[in-house]
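Enquirer: here's a sequence, model it:
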Amino acid sequence: MPRRARHYLPNQPYHIVQRGNNREPCFVEPENYQFYLGLWQELSLKFGVAVHAYCLMTNHVHFLVTAKTTDSISLVMKQVGSRYAQYFNKKYGRTGPLWEGRHKSSLIQAEKYLLTCYRYIELNPVRANMVASPEEYKWTSYHANAWGDMSGWLLPHEEYNRLGRDTQERCFFYRELFRCQVGSDDLHRIRKAAHYCQPIGDDCFAQKISQKYGITLGQMARGRPRKLSGIEIG
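Expert: Have a look, this model is predicted:
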């Protein structure tokens, strides 16, 4: 029986995570990263998904996005994942699934957690000890958000735009945010939310969404109640 398509709230930001099957590499050379980002550029514009931040690690990806319609994100993830898997399998003579099941997603309370999610995503290579600073890693949106080169397809979220009056000022204050690592409580909150596809927000956020869209959200991803086994760092 086919799985029902996921439906997302329009004009609300989401943290999207997709991992390689059996934690195996999805990217092994620069051409792979370029091809994957090319698909995102094409299909996010086609289906109305605004991409605010991203990070491509060797065996998983993170995206921070806002969609125009309820099925925009699902359409992008389906087509990007399928076309990239076909490309990757053909290029390296492999068979079988490239991705570990369906992608994970977390609805974000923008005014409280969006900029933290920006930092969480773009600091992934630093936390993984691949680089000493986010500037040193090529396959993230940090260069665009920190220095103003949006490359024609990345779109800043309104919370990002509130950092300053113009591009230069916004970029300066954005770089200032990276003077500190993401705190342990926020790390746990974001990882838990991604792992269980929970929203990140407070009770007022849940009530507001419920009233506006007539739905009941799952449990909010809160602080650090106990250690969760099986949640991969990333």
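
Enquirer: when you work out contacts or count neighbours from here on, use the C-alpha atoms and nothing else.
Expert: OK.

Enquirer: ranges for the strands of this protein?
Expert: Remark: strands assigned in the chain by DSSP state E are 13-19, 49-56, 60-67, 104-107.

Enquirer: how about the third one as CSV, C-alpha atoms only?
Expert: Put plainly, it is strand 60-67. What follows is strand 60-67, C-alpha atoms only, in CSV (Å, rounded to 0.1, in the frame of the first residue of the first chain):
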residue,chain,number,x,y,z
HIS,A,60,23.4,13.4,5.1
VAL,A,61,22.0,16.8,4.2
HIS,A,62,20.2,19.6,6.1
PHE,A,63,18.0,22.2,4.7
LEU,A,64,16.0,25.1,6.2
VAL,A,65,13.1,25.9,4.0
THR,A,66,9.7,27.6,3.7
ALA,A,67,7.1,26.4,1.1
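
Enquirer: other SSEs contacting it?
Expert: Secondary-structure packing of strand 60-67 (3 or more C-alpha pairs under 8 Å, 6 or more residues apart in numbering; DSSP states H and E): strand 13-19, strand 49-56, helix 110-122.

Enquirer: go on, the first one?
Expert: Judged by 3+ C-alpha pairs under 8 Å, 6+ apart, the packing partners of strand 13-19 are strand 60-67, strand 104-107, helix 110-122, helix 184-196.

Enquirer: give me the most central residue, the chain.
Expert: Centroid-nearest residue in the chain: F63, 2.2 Å away (criterion: C-alpha atoms, centre = their mean).

Enquirer: now tabulate the helices and strands packed on strand 60-67 in JSON lines and tack on mean neighbour count and mean pLDDT.
Expert: Shown next, in JSON lines, are these (neighbours: other C-alpha atoms under 10 Å; pLDDT from 0 to 100):
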{"stretch": "strand 13-19", "mean neighbour count": "23", "mean pLDDT": "98"}
{"stretch": "strand 49-56", "mean neighbour count": "24", "mean pLDDT": "98"}
{"stretch": "helix 110-122", "mean neighbour count": "20", "mean pLDDT": "97"}
